[in-house]
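Colleague: Provide a 3D model corresponding to the input given below.
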Amino acid sequence: MSILQSRLSPEIDKYQPIEQAGFRSGFSTTDHIQVLQQVMEKYKEFNRPLYIAFIDYAKAFDTISQNAIWEAIKKYHINQNYIRVLKNIYEGSVSQVKLETRGLDIPICRGVRQGDPLSPKLFIMVLQYIFDNLNWQLDGIRVNQDQLTHLRFADDFVLFAETSKRLEKNDKYSKR
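Modeller: Here you go, the predicted structure:
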């Protein structure tokens, strides 16, 4: 699977925004921690209100639709040969429960494969696909001349706002 991962990773990373630091070469949680510290220091220095929400989606990797994987791959123009290989891996996957003498196969239709090195990349690709299709209208905060609405590390989010009402609105958008 590492050959497939090495070929797909750059393709998937092309479509990731700078706000997503999870599972990407050259990005780390340290980057986001520094941004967070600087934002907090500047807002405190200028005596401006700052509201921050930390969100962690429980079992996010287990709950994404495998159909969303195929839709995201199609949207981001991933090579058809890779799609065929991935579909062969995912389609027909089963979990087996053994009851005394016989086993019961249960089809797996949700989530990315546990332990697969490509799974985190597929997850953030699907997450970006979802974000691209949402009417993601967050207000965020001003950092220099840029608008900073959120930071992401895989399925963890930090939302920013200058009022509690805006933060509440942003939180509602993020949970759609």
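Colleague: C-alpha only now, for contacts and for neighbours.
Modeller: Noted.
Colleague: burial check on the closest residue to Thr163 other than its chain neighbours, number of neighbours?
Modeller: Closest residue to Thr163 apart from its sequence neighbours, by C-alpha to C-alpha, 6 or more residues apart in numbering: Tyr51 at 6.3 Å. Number of residues near Tyr51 (other C-alpha atoms under 10 Å) recorded here: 17.
Colleague: quick one, phi psi at Tyr51?
Modeller: phi -120, psi 130 (degrees, to the nearest 10).
Colleague: wait, it sits on Glu162?
Modeller: Yes: using C-alpha atoms under 8 Å, Tyr51 makes contact with Glu162 at a distance of 5.8 Å.
Colleague: can you show me the strands along this protein?
Modeller: 51-56, 94-99, 102-107, 141-143, 146-148, 150-153, 156-161 (DSSP state E).
Colleague: just the angle between the last one and strand 51-56, please?
Modeller: In other words, strand 156-161. Angle, strand 156-161 to strand 51-56, by axes from the mean of the first three to the mean of the last three C-alpha atoms, to 10 degrees: 160 degrees.
Colleague: so which elements touch strand 156-161?
Modeller: Applying 3 or more C-alpha pairs under 8 Å, 6 or more residues apart in numbering; DSSP states H and E, we find strand 156-161 packed against strand 51-56, strand 150-153, helix 164-174.
Colleague: what lines up beside the first one in the sheet?
Modeller: Looking at strand 51-56 with DSSP bridges, its paired strands and their directions are strand 156-161 (antiparallel).
Colleague: if you count neighbours, what's buried in the strand it pairs with?
Modeller: Across strand 156-161, burial judged by 16 or more other C-alpha atoms under 10 Å covers 157-161.
Colleague: neighbours of Lys169, how many?
Modeller: 15.
Colleague: likewise Gly22?
Modeller: 18.
Colleague: what's the answer for Arg7, then?
Modeller: Arg7 has 12 neighbours, counted by other C-alpha under 10 Å.
Colleague: leaving out chain neighbours, which residue sits closest to Asp13?
Modeller: Using C-alpha to C-alpha, 6+ apart, the nearest residue to Asp13 is Arg24, at 7.0 Å.
Colleague: got it, and Tyr57?
Modeller: Computed as C-alpha to C-alpha, 6+ apart, the closest residue to Tyr57 that is not its neighbour in sequence is Asp155, at 5.9 Å.
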